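A.B. asks: Quick one, fold the following:
(2 chains)
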Amino acid sequence: MGKVGCAVLMLCASAAGYAEDADRSMIVNSRAAQIEAQREEKARLLQPERPDSIENFLNFMKQRRVVERITAGVAGFRVRLGGLITGSGFALGPEYYRRTASESVVFRTSARGSFKKYYLLDAGVAFPRLARDRVFVDFYARRRHYPHLEYYGPGPDSRETGRTTYRFDDLSFDARAGVRPLEHLSLGVIGSYALPNVGPGTDERFAVTENVYGEDQAPGIRRQSDYLATGGFVQYDTRDNPGGPRRGGNYFAQYMLWSDREFHIGSFNRLELEAERYIPFLHDRRVIALRARTVFTDPRSGQFVPFYMQPTLGGSEDMRGYRPFRFHDNNSLVMNAEYRWEVFSGLDMALFADAGQVFHKTRDIGKGTLRKSFGFGFRFNVRNDVFFRIDTGFSREGAQIWFKFDNVF
Amino acid sequence: MVQVRQRVLAAVVGLALLVPLAAAPRFFPDDPLWNEPAPLPVPPPRKRSINEYYDFFQNTFFTPGKELRKRGAVPPAGAVNTLGEVPDGPWYWNRDPRAMSIDDLVRGPGNSNPPSIDGPWTVISGKSEGITPGLMISDARGTKYLLKFDPKQYPELASAADVIGSKFFYALGYHVPENYIVRFTRAQLKVSKEARFTDHRGKERGMREGDVDDVLMKVPEEPKGQYRALASMILAGEPIGAFRFHGVRSDDPNDVVPHEHRRDLRGLSVFAAWLNHTDSKALNTLDTVIEEKGLRYIRHHLIDFGAILGSDSFTAKSPRAGFVYLFEWKAAAAQFFSLGLYTPEWMHADYPRIRGVGHLESEIFDPEAWRSNYPNPAFRNCLPDDAFWAARKVMAFSDEQIRAVVATGQYSDPAAVDYITRQLIVRRDKIGRTFFSRVLPLDSFVARNGRLEFEDLAVKYNFTAARKLQVRWSRLENGSGRTTPAPGDTFALPALLRSPGQYAAAEIRGDDPSLTTTVYLRNQGGRVQVVGIERRW
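C.D. replies: Predicted coordinates for the structure are as follows:
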């Protein structure tokens, strides 16, 4: 009994760090005096509260707003990670971002580059909450330089060994305006002007595209034109959290008329349809995520769709077991299914299967080889927003590992 | 290995090395101590800022305070009197819910100081960063409040939880702020010329009227342009930062018991489990320097109850909250390797869709398995006697009292009050049933009419049928702590207690011989009083 009691008393005294200098001969004859004596002993050895070096460092980070400087910016400047085209490698760069607290006006501009010497400059201003959130207007301009994109020739049966490389540059200006007549529903119009340019790729491991594929297999490879595009879109979005959805759906349709303003040989219409559905169970800790996406292009009579504007399949966003832009043609269809489960609050894992096909004419859908890939992924999130993912995809052409600072869908 | 662990409730902390141990009596004349001695004056303390990430990682991946365990075992709690109760002081104040009227409970830490509407509220600072926007205001009397708002998708959720939490934790004995639910229109708020505002990027600047509009745009708006908010009255004294749940403040002479060994903080785990206070962490506490009669000392508070019940402040509570830590090796490994095929019970819980309720349930709630968001050193050290101390207080709340406190959340849907009350009643009973079975739950000891009288709480609350208890008396030599058997096997007080200055011990056991409660009695000045209680399990 007394032994355990002593242990308690010693514990508290030594924990306070003042046992060594204690006056053992002091006589205490009341509990209150006992406590007072202990306090007085500690009072002789008071020290200011001091965090340890690690907490000091973290507090320094907080006080100097280091994380905010990176993520939210100071005076509007911050670091932007990723966001370039698939296959560009790790990219980052400064971004200037300002918005009013009510988000009635948002301005953003960035300059991002990757270690593979891809770069992107862009700027945009948005008015997302006009007329009490009913109307939105965006303006966006972008300059891209992609020194080596992959092209394997057209069609669903293009050979893996047919890989070539080309350079793609463009300058584009977009304007978008729309309304939200109902909750979840948006519709609007788009206008765009694009100045693309294609040249020899810089990846010396592969042949230059124009040396392998002629105009018949890579339409538009010899000369590029400026484009004016107009169209409209409609979106019905019931996702609970677009940054990391666990329930709801997103349905999107966009129709655009692309007009070759210079040579009048590459005009086409483009219809893009996409449907996403998230089926949660077990309190959203498990989600079946489904997506179907198709792009149809329709060249105007006697004209073509430039190969660099054709729909593609392959890469981190759709067919994850294939290399980026593995398949090109006038039309594409891809379906993705994911089973996602929460490992802990900051990490979800996923098993996925992708199936897709490109095809030259609409009537060719279902003909040719339906490509399939499958794999698994890790999705890291903060407050349910996915900020980083690692997906590993497998296909008959091998395995691909993707490190991405975004969500797949 | 010793199966029967001995735990002593008889120790108020400290002074062991100051007093020759052999000379230390088991009980002092002033035992049991119900009030801590007047605090020593505290020198001007430095305000400290506990880093949230540091606190999370330290507690998740390390075990702070474990070096104070004796041979790996958790020592008995400190900061208690010889009855195992926490004396009144700057950490804790005994309030017996059984003795509190409904009005007392509803009043809580105070209900007569809501922001005055005799004039506009002057906004003196605000923030739009972080997960919830907030405004600091001063009313016409100059009293300051922090206005906190509900998430737009979940009206009433956090504000109701914050008010309810302040009432319950006050009744349970903690120092808490006065919280009020207020309704006001935009015209009630005027920005001070000196007001500062922290914008969404964390940048501080002068505040404008438009900033208030922007904050209010993000919160639910009620009919007639009214806004509902939680007004938390600023605590008295100079704030100097949060306290940790381990160690002691090195600049406070009165803080002598490592926090992970304080009974009031260990027992808080039971209260937190009852009220689903998953966010009970250092950052939701606050120390202030109080000045009373020229004496400056530090008082320790619990603050911010917006994440109790089914609320997580900025959203409804995650279904996993309360069942598993944010990160837990074992649980994560189970999910990782099973490909999610392993589905713990919490994934199958049922939650109603009632405005303001969020995710709160009682069916699969297990008091012993309950988890805060991340490990808490004091919670981890909670022993059966600590849990008993707390469970007894939880069980003291009647159904009517619980309903009355829940109603202070001012839910617009009466179903919310019904549902939350029902859950808290079931959770309360589970707490009692669980923790009253870990010790012999005898309580309210008193020497009366020549007998030792007490309550068997397990019987009182119908957790078990009336049972026969056995008692064995012994004589205690207070100076040496030695005991010698004394005659008597009934609850009649032994003859030795007729003599002043004599001590006796009654060891009581029930069907389970491993659970005993020993009561120490003393004849002091001709009156026999209970002076100590010791529980073994």
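A.B. asks: By mean pLDDT, flag the weakest helix or strand of chain B.
C.D. replies: Using mean pLDDT, DSSP states H and E, strand B:204-206 stands out as the lowest-scoring helix or strand of chain B, at a mean of 85.
A.B. asks: following that one, which helix or strand comes up?
C.D. replies: helix B:209-217 (DSSP states H and E).
A.B. asks: How about that next one and chain A, touching?
C.D. replies: Yes. Applying CB under 8 Å from any CB of the partner chain, one finds helix B:209-217 in contact with chain A at B:210-211, B:213-215, B:217. C-beta coordinates here come from the backbone N, C-alpha and C atoms, glycine included.
A.B. asks: next one: that helix to chain centre, how far?
C.D. replies: Relative to the centre of its chain, helix B:209-217 is centred 35 Å away, using CA atoms, centre = their mean, to the nearest Å.
A.B. asks: quick one: buried residues of that helix?
C.D. replies: B:211-212, B:214-217 (16 or more other CB atoms under 10 Å in any protein chain shown).
A.B. asks: and the residues of helix B:209-217 next to chain A as JSON lines, adding pLDDT?
C.D. replies: What follows is the residues of helix B:209-217 next to chain A, written out as JSON lines (pLDDT from 0 to 100):
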{"residue": "B:210", "pLDDT": "89"}
{"residue": "B:211", "pLDDT": "89"}
{"residue": "B:213", "pLDDT": "90"}
{"residue": "B:214", "pLDDT": "85"}
{"residue": "B:215", "pLDDT": "89"}
{"residue": "B:217", "pLDDT": "87"}
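A.B. asks: Got the confidence number for residue B:293?
C.D. replies: Residue B:293 is assigned a pLDDT of 88 by the prediction.
A.B. asks: Ok, residue A:78 next?
C.D. replies: Looking at residue A:78, the pLDDT reads 84.
A.B. asks: For it, give me phi and psi.
C.D. replies: Dihedral angles of residue A:78 (phi, psi; degrees, to the nearest 10) stand at phi -150, psi 170.
A.B. asks: quick one: secondary structure of the closest residue to it other than its chain neighbours?
C.D. replies: Of all residues not flanking residue A:78 in the chain, residue A:95 sits nearest, at 5.4 Å (CB to CB, 6 or more residues apart in numbering or on different chains). Recorded secondary structure, residue A:95: strand (DSSP: H, G, I helix; E, B strand; the rest coil).
A.B. asks: Quick check: the residue positioned nearest the centre of chain B vs chain A, distance?
C.D. replies: Among the residues of chain B, the one closest to the centroid is residue B:268, at 3.5 Å (CA atoms, centre = their mean). Distance of residue B:268 to chain A, computed by CB to the nearest CB, to the nearest Å: 19 Å.
A.B. asks: isn't that residue right next to residue B:280, touching?
C.D. replies: Yes. Using CB atoms under 8 Å, residue B:268 makes contact with residue B:280 at a distance of 6.6 Å.
A.B. asks: Contacts only, for residue A:310.
C.D. replies: Residue A:310 is in contact with A:154, A:297, A:328-330, A:358, counting by CB atoms under 8 Å, 6 or more residues apart in numbering or on different chains.
A.B. asks: Let's see that with 7 Å instead.
C.D. replies: Residue A:310 makes contacts with A:297, A:328-330, as judged by CB atoms under 7 Å, 6 or more residues apart in numbering or on different chains.
A.B. asks: tell me the two of these that are most distant?
C.D. replies: A:297 and A:328 (11.2 Å; CB to CB).
A.B. asks: So those two - more neighbours on which side?
C.D. replies: Between residue A:297 and residue A:328, residue A:328 has the larger neighbour count (other CB atoms under 10 Å in any protein chain shown), namely 26 against 21.
A.B. asks: ok, and the closest non-adjacent residue to the more buried one?
C.D. replies: residue A:310 (4.8 Å).
A.B. asks: swap in residue A:219?
C.D. replies: Nearest-residue entry for residue A:219: residue A:304, 4.0 Å, with adjacent residues in sequence omitted and distances by CB to CB, 6+ apart.
A.B. asks: what's the answer for residue A:100, then?
C.D. replies: residue B:214 (7.2 Å).
A.B. asks: Could you check the pLDDT of the residue in the stretch 301-450 of chain B that chain A sits nearest to?
C.D. replies: Nearest to chain A in the stretch 301-450 of chain B, going by CB to the nearest CB, is residue B:340, at a distance of 2.8 Å. Residue B:340 is assigned a pLDDT of 95 by the prediction.
A.B. asks: likewise residue B:289?
C.D. replies: Turning to residue B:289, the model gives it a pLDDT of 96.
A.B. asks: looking at it, it is touching residue B:238, isn't it?
C.D. replies: Yes. Here residue B:289 reaches residue B:238: they are 4.4 Å apart, a contact under CB atoms under 7 Å.
A.B. asks: who's more crowded, the two?
C.D. replies: residue B:289 (18 against 15).
A.B. asks: quick one: that one from residue B:296, how far?
C.D. replies: Distance from residue B:289 to residue B:296, counting by CB to CB, to the nearest Å: 6 Å.
A.B. asks: can you check residue A:404 too?
C.D. replies: On the measure of CB to CB, residue A:404 and residue B:296 end up 56 Å apart.
A.B. asks: Now residue B:274, what are its backbone angles?
C.D. replies: The phi/psi pair for residue B:274 (degrees, to the nearest 10) reads phi -60, psi -50.
A.B. asks: Tally up the residues packed near it, please.
C.D. replies: By other CB under 10 Å, the residues close to residue B:274 number 27.
A.B. asks: how about the helices in chain A?
C.D. replies: Taking DSSP state H as the test, the helices found in chain A are A:2-15, A:31-43, A:53-63, A:66-71, A:130-133, A:209-212.
A.B. asks: Pick out the shakiest of those, pLDDT-wise.
C.D. replies: Ranked by mean pLDDT, these bottom out at helix A:2-15, which scores a mean of 34.
A.B. asks: Name the nearest residue to residue B:459, ignoring sequence neighbours.
C.D. replies: Here the residue nearest residue B:459, using CB to CB, 6+ apart, is residue B:466, at 5.4 Å.
A.B. asks: Confirm the one you found sits in a strand?
C.D. replies: No. Under three-state DSSP, residue B:466 sits outside any strand and is assigned coil.
A.B. asks: Give me the pLDDT for it.
C.D. replies: 94.
A.B. asks: Can you tell me how far it is from chain A?
C.D. replies: In this view, residue B:466 and chain A are 31 Å apart by CB to the nearest CB.
A.B. asks: what pLDDT does residue 174 get?
C.D. replies: Going with chain A. Per-residue pLDDT puts residue A:174 at 98.
A.B. asks: Chain B, not that one
C.D. replies: The per-residue pLDDT reported for residue B:174 equals 98.
A.B. asks: Distance of it relative to residue B:31?
C.D. replies: The gap separating residue B:174 from residue B:31 is 24 Å, by CB to CB.
A.B. asks: what does residue B:429 give?
C.D. replies: Taking CB to CB, one finds residue B:429 at 34 Å from residue B:31.
A.B. asks: more crowded one of these two?
C.D. replies: The neighbour count for residue B:429 versus residue B:31, taken as other CB under 10 Å, is higher for residue B:31 (24 against 16).
A.B. asks: Not counting its neighbours along the chain, what's nearest that one?
C.D. replies: Distances taken as CB to CB, 6+ apart place residue B:82 nearest to residue B:31, at 4.5 Å, with adjacent residues excluded.
A.B. asks: which residues pair with residue A:169 across the strands?
C.D. replies: Residue A:169 has these beta-bridge partners by DSSP bridges: residue A:145, residue A:197.
A.B. asks: I figured the residue of the stretch 301-450 of chain B closest to chain A hits residue A:341, correct?
C.D. replies: Yes. Between residue B:340 and residue A:341 there is a contact under CB under 7 Å: 2.8 Å.
A.B. asks: Now do the helices in the stretch 251-400 of chain B.
C.D. replies: According to DSSP state H, counting those that start in this stretch, the stretch 251-400 of chain B carries its helices in the segments B:263-266, B:268-275, B:329-338, B:377-380, B:384-395, B:399-407.
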